[in-house]
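S.K.: sequence-free structure coming up:
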Ligand code: HEM
């Protein structure tokens, strides 16, 4: 504190600085950074101080960006400087690895894991994830038909199952996968343990430190779970019983190509590989279930768009459930999805980058260690690119004249290319999941609207619409909306029969 006070006094008026809220000694502005919906505060400051501003929380300097060009200049063109990850106080050893590649510094472990995950994902995408997304969607529709009130649970489980099937051929792990992802996200978020904001608390002695003890236990369990699945998959590989369309198979096959026929490994190598596959499996759950839950909400609140999308689906698919083959013919479905992710971002703060060394930008020194945030919530509301940014308007992706419109509509909008790819981050740290996001959200959205009508829930006691707070979320780095209620009704008897038929067809093959 004394050091800070001195440097603050020395620093007054002496250097060029970015604009920003007034800083106070020792605390900076930590006192008015809310733990929940922090992006609203960052947007408020952006409106006041401009597209790049400076602030501090305790001793941690921040640069917050809300302009795509500036973010490109720093995070892409100068990616060799701004691609570190800051320490999240309540997550143990994440910068070193090997557990969370998205949160590691840029060292060899990160490079190896990123390269491997990128190639594994690209190969699976070539085969549109081997039809697993469609099969799980058919199961999801069946469950929704039987018990629509549990739609939020089922939505997350759907995402968890797809990922665990791809990772280890064990969709039954889908629910655990979702829970594990959720707890990890809690621990890494400002809205999570108090020690993420009041960081000095982390250094309390273990005997009186519930945050530290919890994290040790959580991380140990998660790693054991990953390692267990890895070893089970290895046993199956040895017996010739592991399907070739899993990431685990791909990994073991590579070992064999290197001459390791028996798949014998030191524990350290197994831990490395199980974390690499385990994390890829984990990171694909809530990242997708959050947008899907917001999509269902948006459709219930915007019947005019739901109807347009359903007319399109009925015209193209008729009585059969939509699949990836219908992608080109269903631009309205894609526009509703793309607009959902813009309107209610799943990663509204973006994922923080950190300056790996001192740099100078526009005459201002940016110190090594500064956290650089391209605030997705603000980027999605830049008026010149997204007019009427607070409103859900899928037409901005479908009609010429809007800044985000792109042709041909058989291809755009999508989540892999074209407009607004800032959603998936920047430069060397760009998201590795865009392909699966594109497939999974499309099949889920098209098939749900094919089978069901979504609408507001009417309270049986008052007869009034149950209100939905569309901004209420768990405020995690990657978030989901708070539980909400809508009505989900099958679109007629025939459609119900088709849903059940589809469900029975896949249930024989799926592990439950
Ligand atoms: C709509 C869904 C998703 C969104 C909006 C999203 C967004 C992001 C963002 C903003 C980042 C940080 C980029 C940066 O630091 O500049 C990121 C990183 C990452 N994402 Fe995604 N993501 C989504 C889904 C997925 C899925 C489904 C997977 C994998 C199955 C995935 C895998 C990753 C990985 C591995 C990283 C870390 C990259 C690195 O640090 O090297 N993401 N994502």
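M.R.: Everything's here; your move. All values derive from a computational prediction rather than experimental measurement.
S.K.: got the buried residues for the longest helix seen in the chain?
M.R.: Ranked by residue count, the top helix of the chain under DSSP state H comes out as helix 267-301. Buried residues in helix 267-301, counted by 16 or more other Cβ atoms under 10 Å: 270-301. To be clear about C-beta, it is placed using only N, CA and C from the backbone, and glycine gets the same treatment.
S.K.: show me which of the residues you listed neighbour the ligand.
M.R.: 280, 283, 284, 287, 288, 291 (Cβ under 6 Å from any ligand atom).
S.K.: Can you check what pLDDT the model gives residue 25?
M.R.: With respect to pLDDT, residue 25 scores 88.
S.K.: Hmm, I typed the wrong one, I wanted residue 11.
M.R.: Confidence score, pLDDT, at residue 11: 54.
S.K.: ditto for the one 10 residues further on
M.R.: If you check residue 21, the pLDDT there is 95.
S.K.: same check, this time on residue 197
M.R.: 86.
S.K.: ok, it - how many residues close by?
M.R.: 19 (other Cβ atoms under 10 Å).
S.K.: Tell me how many other residues surround residue 160.
M.R.: With other Cβ under 10 Å as criterion, residue 160 counts 30.
S.K.: correct me, but residue 279 touches residue 100?
M.R.: Yes. Contact criterion Cβ atoms under 8 Å: residue 279 and residue 100 qualify, at 5.7 Å.
S.K.: How about the contacts made by the residue in the stretch 201-350 of the chain positioned nearest to the ligand?
M.R.: At 2.8 Å from the ligand, residue 284 is the closest residue in the stretch 201-350 of the chain, using Cβ to the nearest ligand atom. Listed by Cβ atoms under 8 Å, 6 or more residues apart in numbering, the contact partners of residue 284 are 159, 162, 163, 433, 436.
S.K.: The first one and residue 166, how far apart?
M.R.: Note on residue 159: its distance to residue 166, by Cβ to Cβ, to the nearest Å, is 11 Å.
S.K.: still on that earlier bit, so which of the contacts of residue 284 are in helices?
M.R.: Using DSSP H, those in helices are 159, 162, 163, 436.
S.K.: can you tell me which of those are up against the ligand?
M.R.: residue 436.
S.K.: mind listing what residue 477 touches?
M.R.: Contacts of residue 477 (Cβ under 8 Å, 6+ apart): 185, 188, 189, 347, 349, 351.
S.K.: Which phi and psi values does it adopt?
M.R.: phi -60, psi -40 (degrees, to the nearest 10).
S.K.: How confident was the prediction at it?
M.R.: For residue 477, the predicted pLDDT is 96.
S.K.: And residue 138, by the same measure?
M.R.: Looking at residue 138, its pLDDT is 98.
S.K.: so what's the residue lying closest to residue 78 once chain neighbours are set aside bridging to?
M.R.: Distance criterion Cβ to Cβ, 6 or more residues apart in numbering; nearest residue to residue 78, sequence neighbours excluded, is residue 359 at 6.8 Å. Beta bridges link residue 359 to residue 366 when assigned by DSSP bridges.
S.K.: What's the separation between residue 359 and residue 92?
M.R.: 29 Å.
S.K.: Likewise for residue 118?
M.R.: Counting by Cβ to Cβ - residue 118 and residue 92 are separated by 26 Å.
S.K.: and what of residue 490?
M.R.: Distance from residue 490 to residue 92, by Cβ to Cβ: 47 Å.
S.K.: Those two: who's more crowded?
M.R.: The neighbour count for residue 490 versus residue 92, taken as other Cβ under 10 Å, is higher for residue 490 (19 against 15).
S.K.: got any ranges where the stretch 351-500 of the chain has weak pLDDT?
M.R.: For the stretch 351-500 of the chain, no stretch has pLDDT under 70.
S.K.: any chance you could map the strands in it?
M.R.: Using DSSP state E, counting those that start in this stretch, the strands of the stretch 351-500 of the chain run over 353-354, 359-361, 364-366, 371-374, 452-456, 486-490.
S.K.: The last one vs helix 267-301, what angle?
M.R.: Taking axes from the mean of the first three to the mean of the last three Cα atoms, to 10 degrees, one finds strand 486-490 and helix 267-301 inclined to each other by 90 degrees.
S.K.: strands paired with strand 486-490, and their directions?
M.R.: With DSSP bridges as the test, strand 486-490 pairs up with strand 452-456 (antiparallel).
S.K.: got the contact list for the partner strand?
M.R.: So strand 452-456 is contacted by 141, 144, 148, 296, 299-301, 303, 306, 310, 448, 465-466, 468, 486-491 (Cβ under 8 Å, 6+ apart).
S.K.: who's in contact with residue 504?
M.R.: residue 142.
S.K.: Could you tell me how far it is located from residue 113?
M.R.: From residue 504 to residue 113 the distance is 40 Å (Cβ to Cβ).
S.K.: Let me see the contact set for residue 389.
M.R.: For residue 389, counting by Cβ under 8 Å, 6+ apart, the contacting residues are 380, 381, 382, 383.
S.K.: list the buried ones in whatever helix or strand residue 113 lives in?
M.R.: Here residue 113 is covered by helix 108-126, with elements defined by DSSP states H and E. Buried positions in helix 108-126, judged by neighbour count with 16+ other Cβ under 10 Å: 109, 110, 113, 114, 116, 117, 120, 121, 124.
S.K.: In TSV: those residues, plus pLDDT and distance to residue 49.
M.R.: Putting these into TSV (pLDDT from 0 to 100; distance: Cβ to Cβ, whole Å) gives the following:
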residue	pLDDT	distance to residue 49
109	97	38
110	98	33
113	98	37
114	98	34
116	98	41
117	98	37
120	98	42
121	98	38
124	98	43
